[in-house]
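**Student:** I would like to see how this sequence folds:
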Amino acid sequence: MISNTKKGLVPKNISAKAIIKKILAGDRVSLSRAITLIESSLYKDQILAQEIIEKCLPFSGKSIRIGISGIPGVGKSTFIEALGMYLTAKDKKIAVLAIDPSSERSKGSILGDKTRMEELATEKNAFIRPSPSNGSLGGVTKKTRESIILCEAAGFNTILIETVGVGQSETAAHSMVDCFLLLMIAGAGDELQGIKRGIMEMADLVVINKADGSNINQAKLAQGQYQNSLHLFPANESKWRSPVLTCSSITKSGIPEVWETITEYIDIINKNGYFTKRRQAQTKYWMYENINQSLLDRFYNDTEISKKIISIEKAVIDEKMNPFHAANILINEYFNK
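**Tutor:** Predicted coordinates for the structure are as follows:
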């Protein structure tokens, strides 16, 4: 039994070497345990997690990473289940990293993606891991990239990342996938206007979901409108013009065409070198992200800073000190020790 204590999440008799061996053998329990370690804020767990990631890294990188975004209610989970079932039927091993929004007040998360993907959850070639966003911007958790590495090391060759779907803050998700798929619905109204430009420029593929029943004509109309909008955007480095497709996650129509388009895109960017260039840029981006996060963690976990920050904070609240001066005092104290 694993307990969340200051001693860590892993029992004493289980080593990093044992977990790594089981991950490489495709053991899902060990994979889940390792992801839990990665997400833990406990120092002991973080040390163990870093060792596991480092040893698994040489066995990663051999999958297609697909980010799937869209506003709440667009049907991301249903779409992922439909696509996932289609892929497992083609003997693909897929891992779904589903991000649920956390409450800013309670820090809790519903983590209901397994219940929304009941059919896919029982597939032997599918692994579903819901994780709380913990307030992270970018539509993914701070540890999603590390989770991708572990899933690849466990033998999953297609990684589907379902983001929170909050609009223009999907940049982090875009920076860790090979193909960024934007899911839309017809007649969504003005709520799409604010996110359209920023997020559509990032999309490698736009899919109008729920194209079934009486919605088919609306979906076709929306397809044309979005395709016209995309033609106004300048071509990106990949030299790929993002297409707009329609599908129904319920009837499964259009799902094969979505996958064919993704594989066509991956094939093109592999041939023109953009695939490798994008992965290299992503690795560089995440190095700097880790530097930023590490600096934040060390600053706030510093004993002396923790003591002083309380009095400085009170001075700011009481308007005896301005926030900029207060921040400089704390930063200078930390770096001048």
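
**Student:** show me which helix runs longest in this protein.
**Tutor:** Longest helix in the chain, counting residues (DSSP state H): helix 274-301.

**Student:** so what's the gap between that helix and the chain middle?
**Tutor:** Taking Cα atoms, centre = their mean, to the nearest Å, one finds the center of helix 274-301 at 14 Å from the center of the full chain.

**Student:** again, but for stretch 208-228
**Tutor:** 27 Å.

**Student:** please save the CA atoms from that stretch in PDB.
**Tutor:** Below are the C-alpha coordinates for stretch 208-228, written out as PDB (Å, rounded to 0.1, in the frame of the first residue of the first chain):
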ATOM      1  CA  ILE A 208     -15.500  19.900 -36.600                       C
ATOM      2  CA  ASN A 209     -17.000  17.300 -34.200                       C
ATOM      3  CA  LYS A 210     -20.600  16.300 -33.700                       C
ATOM      4  CA  ALA A 211     -21.200  16.200 -37.500                       C
ATOM      5  CA  ASP A 212     -24.200  13.900 -37.200                       C
ATOM      6  CA  GLY A 213     -28.000  14.000 -37.500                       C
ATOM      7  CA  SER A 214     -29.400  17.500 -38.000                       C
ATOM      8  CA  ASN A 215     -25.900  19.000 -37.400                       C
ATOM      9  CA  ILE A 216     -24.300  17.600 -40.600                       C
ATOM     10  CA  ASN A 217     -25.200  20.600 -42.700                       C
ATOM     11  CA  GLN A 218     -24.100  23.100 -40.000                       C
ATOM     12  CA  ALA A 219     -20.800  21.200 -39.700                       C
ATOM     13  CA  LYS A 220     -20.200  21.400 -43.400                       C
ATOM     14  CA  LEU A 221     -20.900  25.100 -43.400                       C
ATOM     15  CA  ALA A 222     -18.500  25.600 -40.400                       C
ATOM     16  CA  GLN A 223     -15.900  23.500 -42.200                       C
ATOM     17  CA  GLY A 224     -15.900  25.900 -45.200                       C
ATOM     18  CA  GLN A 225     -15.800  29.000 -42.900                       C
ATOM     19  CA  TYR A 226     -12.900  27.800 -40.900                       C
ATOM     20  CA  GLN A 227     -11.000  26.600 -44.000                       C
ATOM     21  CA  ASN A 228     -11.400  30.100 -45.500                       C
END
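
**Student:** quick one: contacts of it?
**Tutor:** For stretch 208-228, contacts defined as Cβ atoms under 8 Å, 6 or more residues apart in numbering pick out 70, 74-75, 78-79, 183-187, 200, 206, 243-251, 253-254. To be clear about C-beta, it is placed using only N, CA and C from the backbone, and glycine gets the same treatment.

**Student:** residue ranges with poor pLDDT in the stretch 51-200 of the chain?
**Tutor:** Scanning the stretch 51-200 of the chain for pLDDT under 70 picks out 100-115, 132-142, 164-170, 188-198.

**Student:** and with 50 instead?
**Tutor:** 102-112, 114, 134-140, 168-169, 190-194 (pLDDT under 50).

**Student:** which parts of it are helices?
**Tutor:** For the stretch 51-200 of the chain, applying DSSP state H, counting those that start in this stretch gives helices covering 76-89, 113-116, 118-121, 144-153, 171-174, 193-202.

**Student:** again, but for the stretch 201-337 of the chain
**Tutor:** Assigned by DSSP H, counting those that start in this stretch, the stretch 201-337 of the chain shows helices spanning 216-231, 255-271, 274-301, 303-317, 323-335.
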